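>>> sequence first, then the predicted structure:
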Amino acid sequence: MRRRFAMVGAVVVVAAVIGAVVALRGAAEDEAEGRPLVVPANTVGEQRTSVLYGKADARHTLSVVVDPRCGPCARTEAALGRTMRELAEKGAYRIEYRLATVEDDARGGEGSRKAVNALGAAADEGPEKFVRYLGAVLAGRSGREEWDGDALASADTLLGIAGRVDGLRTPAFDKAVRELTYLPWGKKVAAAHNQDGAEDALPAVTLDGSVVTVLGEDGVPVSPAEFVRQVRGGKG
């Protein structure tokens, strides 16, 4: 009898946890309902769900898919972000950043969705500010540690991070972060990623559709030299 009650209790606890995760995800999605779709500037693609960095007429495209709460994405940005952008600035390719929110579904909370909204506001301010803000968001509390729990769900946290990027804290940016102006756009961004393969491990980097390896089997990012070798060898 005790064992039966224990099993029932365990089932109830698991159901409650699952229900809480679903409720949090639903809350973020509900917030997007009824809001007008506002698309940030400096976005590209059929549905404008990617943020462009580099020369729009570059012959090649580097696609970089990241989630703001993703630890491996943070490590890759720290090790390779500057190299990726330097090559884009030289015209080797253009970068299309695609934002995912899979960590909210996997870990619960709504930090990824709220961060994508803020990143949309940063994109609207300019590509350079977007990439600097993305790097700061991924860097975590000190630039060495990941964010605790669902810290990125807080507008105050997201605005605090924005203070590290010169010129980003404009009235328009602050308003968009607090009022969730780009949340419907973020929902489209997440849907576009799900359609294209939510099973992919993040970060996912491709050059003209061909996979570029950015993390070794041990989870450590490849060297900048190895990244350059891959992209230089893969384009004409």
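Done, it's in.
>>> any weak-confidence spans in this structure?
Scanning the chain for pLDDT under 70 picks out the ranges 1-30, 141-145, 195-200, 234-236.
>>> quick check: chain neighbours aside, which residue is closest to the most centrally placed residue in it?
The centroid of the chain falls nearest to residue 67 when counting by C-alpha atoms, centre = their mean (3.1 Å). Among residues not flanking residue 67 along the chain, residue 100 sits closest, at 4.4 Å (C-beta to C-beta, 6 or more residues apart in numbering). In this view, the C-beta of every residue, glycine as well, is placed from N, C-alpha and C.
>>> quick one: contacts for that neighbour?
Neighbour list for residue 100: 65, 66, 67, 70, 112, 189, 190, 193, 198, 202 [criterion: C-beta atoms under 8 Å, 6 or more residues apart in numbering].
>>> let me know the closest of those to residue 152.
Nearest to residue 152 among the contacts of residue 100 is residue 112, at 7.0 Å by C-beta to C-beta.
>>> tally of neighbours for that closest one?
27 (other C-beta atoms under 10 Å).
>>> distance between the host helix or strand of it and the chain's centre?
Secondary-structure assignment from DSSP states H and E places residue 112 in helix 111-125. Centroid separation for helix 111-125 versus its chain: 9 Å, with C-alpha atoms, centre = their mean, to the nearest Å.
>>> then stretch 75-91?
Counting by C-alpha atoms, centre = their mean, stretch 75-91 comes out at 16 Å from the chain centroid.
>>> the contacts of residue 100 into CSV, with extra columns for distance to residue 139?
Shown next, in CSV, are the contacts of residue 100 (distance: C-beta to C-beta, whole Å):
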residue, distance to residue 139
65, 18
66, 12
67, 14
70, 12
112, 16
189, 21
190, 22
193, 22
198, 25
202, 16
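>>> pick out the most distant pair among those residues.
Pairwise distances across the contacts of residue 100 (C-beta to C-beta) peak at 14.6 Å, for the pair 70 and 189.
>>> so the two - more neighbours on which side?
residue 189 (27 against 22).
>>> ramachandran coordinates for that one?
Per-residue torsions, residue 189: phi -60, psi -50 (degrees, to the nearest 10).
>>> just give the number of residues close to the nearest residue to it once chain neighbours are set aside.
Nearest residue to residue 189 in three dimensions, chain neighbours excluded: residue 49, at 4.6 Å (C-beta to C-beta, 6+ apart). Residues near residue 49, counting by other C-beta under 10 Å, number 21.
>>> please apply the same query to residue 163.
Counted with other C-beta under 10 Å, residue 163 comes out at 10.
>>> so who does the residue nearest to the centre of the chain touch?
73, 99, 100, 101, 102, 103, 112, 202.
>>> could you check how far residue 194 is from residue 108?
Per C-beta to C-beta, to the nearest Å, residue 194 is found 18 Å from residue 108.
>>> between these two, which one's more packed in?
Taking residue 194 and residue 108 together and counting by other C-beta under 10 Å, residue 108 has the greater number of neighbours (18 against 14).
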